[in-house]
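Chemist: starting from these lines, generate the structure:
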Amino acid sequence: MKAGCKAAIPLIIGAIPFGVLFGTLAPTSGLSVWATMAMSLIVFAGSAQFIVLALIAVQAPLEIILLTTFVVNLRHLLYATALVPRVSHLPFALRTLLAFGLTDETFANMSQRYQPGSPLGDDHQFAHFFYLGSMFSFYITWSSATAIGLVLGNIIPDMTSWGLEFAMSVTFIGMVIPYLNTKAMFSAMFCAAIASLYFAYLPNKLGLIISALIGVSAGLSVVHFQKMSINQGEQA
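Modeler: This next block holds a predicted model:
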C-alpha cells in the first residue's frame, strides 16, 4: 500500500486545489455543509460533483441531474473493463471496494503498475494493495480538501475567482503525458482531442464518451495495422 500512496502524490498535488474549490462552491450552490461533505465521502467523483453543483444552481430536475452524471461517469466503465482481468481473482467484497475507489487518477496509477517493466516488478498477484494505497490516498485527500474549502470559503471571500480549477487540467495532462510513448497511444490521444472539440456541443457531456470511444478505436486500429505489417514482413 505504501507504494500506491507514493505513486499518488504527484496527482494529489493537482487534486487538492480542485477539492478546495468544490468545498468553496458547494454552499453557494445551495448545499449545506453536511450535504457537501456527504457528497465527497459517498459520491467521491470530482467532475460529477461539480456538474451536480451547476445543475442544482439552475434548479434542474432530479432526473436530469442523474442522467447527466451517469453519462459523464460512463468513462469509468471503460476503466473497469480494462481492469477486470487483473482483479477477477479477488473476492467480490474487495472488488466492490475497488470499484467504489476507481477514479481517473487511480486508474492512471494502476495502468502504470500493470505495464511490463514496472519498477515494482511484473508479479501482479498482490497489486491490489497498490490500488488500495492509491485509492485511500485520494479519498482522504479529496475529503480533507473539501472540508478545507468549506472553512476557507467562509474566511476568504471570492475564492472562486482564483482559477483553482486550472489545477485539475494540469493533473489530467500529467496523467496522459507518460503514455504518449507509442504511435497507438499518440493516435488515441490526438483523435480523442479532436473529437472532444468537435462534439463539445452535445448535451449531457455525451461528447466525452464519443471522444473516448473514438480515441480507443484509433489506438486499437494502429495496433492492428502494426501487427499486420509485422506479419507481412515475417511472411516475406
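
Chemist: how about Thr36, nearest residue that isn't a chain neighbour?
Modeler: Ala26 (3.9 Å; Cβ to Cβ, 6 or more residues apart in numbering). From N, CA and C alone the C-beta is placed, and that goes for glycine too.

Chemist: ok, the one you found - contacts?
Modeler: 35-36, 39, 53, 146, 149-150 (Cβ atoms under 8 Å, 6 or more residues apart in numbering).

Chemist: and the residues you listed, which are buried?
Modeler: Buried subset of those (neighbour count, 16 or more other Cβ atoms under 10 Å): 36, 39, 53, 146, 149-150.

Chemist: what about the residue lying closest to Lys183 once chain neighbours are set aside, how many residues nearby?
Modeler: Nearest non-adjacent residue to Lys183, counting by Cβ to Cβ, 6+ apart: Val222, 5.4 Å away. A count of nearby residues for Val222, using other Cβ atoms under 10 Å, gives 18.

Chemist: what residue ranges in this protein score low on pLDDT?
Modeler: 117-122, 157-172, 174-175, 178-179, 204-205, 233-236 (pLDDT under 70).

Chemist: which residue ranges form the helices in it?
Modeler: Secondary structure of the chain (DSSP state H): helices located at 2-28, 33-38, 46-57, 62-72, 75-87, 92-100, 104-114, 127-155, 166-176, 183-198, 206-235.

Chemist: so which of these is the most packed in?
Modeler: helix 104-114 (a mean of 21; mean count of other Cβ atoms under 10 Å).

Chemist: so which elements touch that one?
Modeler: helix 2-28, helix 75-87, helix 127-155, helix 166-176 (3 or more Cβ pairs under 8 Å, 6 or more residues apart in numbering; DSSP states H and E).

Chemist: how far out from the middle of the chain is that helix?
Modeler: On the basis of Cα atoms, centre = their mean, to the nearest Å, helix 104-114 is displaced by 10 Å from the centre of the chain it belongs to.

Chemist: separation between the most centrally placed residue in the chain and His76?
Modeler: Here the mean C-alpha position of the chain is nearest to the C-alpha of Asp104 (Cα atoms, centre = their mean), at a distance of 1.8 Å. The gap separating Asp104 from His76 is 9 Å, by Cβ to Cβ, to the nearest Å.

Chemist: same deal with Ala195?
Modeler: Taking Cβ to Cβ, one finds Ala195 at 19 Å from His76.

Chemist: ditto for Thr103
Modeler: The gap separating Thr103 from His76 is 8 Å, by Cβ to Cβ.

Chemist: next: Gly153.
Modeler: Gly153 is 29 Å from His76, by Cβ to Cβ.

Chemist: over to Leu53?
Modeler: Taken as Cβ to Cβ, the span from Leu53 to His76 is 20 Å.

Chemist: ditto for Leu213
Modeler: The gap separating Leu213 from His76 is 14 Å, by Cβ to Cβ.

Chemist: swap in Ala218?
Modeler: 21 Å.
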